[in-house]
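Colleague: here are the coordinates; sequence isn't available:
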């Protein structure tokens, strides 16, 4: 790496961390937790994306790297258009009755009235495209089932 390339690399890494850190840590508005923000959005019928992930994922796996990359790209694409909240799988199971998780990863897309649920890691970027279309158009695309997305009811405990 040349001396000219080093500042560019640092800037790219810092930009990526700035975008991804709030998504993966569940950071929200000051004074509010991811859980509070998610529950408030759900109660008010506002659109949101909820990402469920284990507290200690296997960060060395290729699947995790793909999942993280697609989530980061989606977060960058939507910017502030749709809030993205994160909860650990354990925490999700404590506060949400349905849908039930079969794994430690899941993604829920809510358009404020309906929810699409993807159980497991999102390993196709098209899942995010279909989910975003669902949020924007407020209708379930025919492609949803083809990408593992299921219409469901979100019930709190």
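Modeller: The structure has been received and is ready for your questions. The shown structure was predicted, so the numbers you read here are calculated from the model rather than taken from an experiment.
Colleague: Name the SS class of the residue nearest to the spatial centre of the chain, please.
Modeller: With distances taken as Cα atoms, centre = their mean, residue 51 lies nearest the centre of the chain, 3.4 Å away. Under DSSP: H, G, I helix; E, B strand; the rest coil, residue 51 falls in the strand class.
Colleague: In three-state terms, label the closest residue to it other than its chain neighbours for me.
Modeller: Nearest residue to residue 51, sequence neighbours excluded (Cβ to Cβ, 6 or more residues apart in numbering): residue 86, at 4.7 Å. Just so you know, the C-beta spots here come from the backbone N, C-alpha and C atoms, and that holds for glycine as well. Recorded secondary structure, residue 86: strand (three-state DSSP).
Colleague: The residue nearest to the centre of the chain touches residue 70, doesn't it?
Modeller: No: using Cβ atoms under 8 Å, residue 51 is not in contact with residue 70; the gap is 10.9 Å.
Colleague: Please identify every residue contacting each of those two.
Modeller: Contact criterion Cβ atoms under 8 Å, 6 or more residues apart in numbering; residues shared by residue 51 and residue 70: none found.
Colleague: what's the average pLDDT for the helix or strand containing residue 132?
Modeller: In this assignment (DSSP states H and E), residue 132 forms part of helix 125-137. What helix 125-137 shows for mean pLDDT is 95.
Colleague: what do you get for stretch 36-48?
Modeller: 94.
Colleague: buried sites along it?
Modeller: For stretch 36-48, burial by neighbour count (16 or more other Cβ atoms under 10 Å) applies to 37, 38, 41, 42, 47, 48.
Colleague: out of those residues, who's nearest residue 56?
Modeller: Checking these against residue 56 by Cβ to Cβ gives residue 38 as the nearest, at 21.0 Å.
Colleague: Check which helices and strands the helix or strand encompassing the closest one sits against.
Modeller: Using DSSP H and E, residue 38 maps to helix 34-44. Judged by 3 or more Cβ pairs under 8 Å, 6 or more residues apart in numbering; DSSP states H and E, the packing partners of helix 34-44 are strand 48-53, strand 84-88, helix 89-95.
Colleague: Using JSON lines, please lay out these together with distance to residue 150.
Modeller: Below are the helices and strands packed on helix 34-44 laid out as JSON lines (distance: least, Cβ to Cβ, whole Å):
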{"stretch": "strand 48-53", "distance to residue 150": "15"}
{"stretch": "strand 84-88", "distance to residue 150": "19"}
{"stretch": "helix 89-95", "distance to residue 150": "16"}
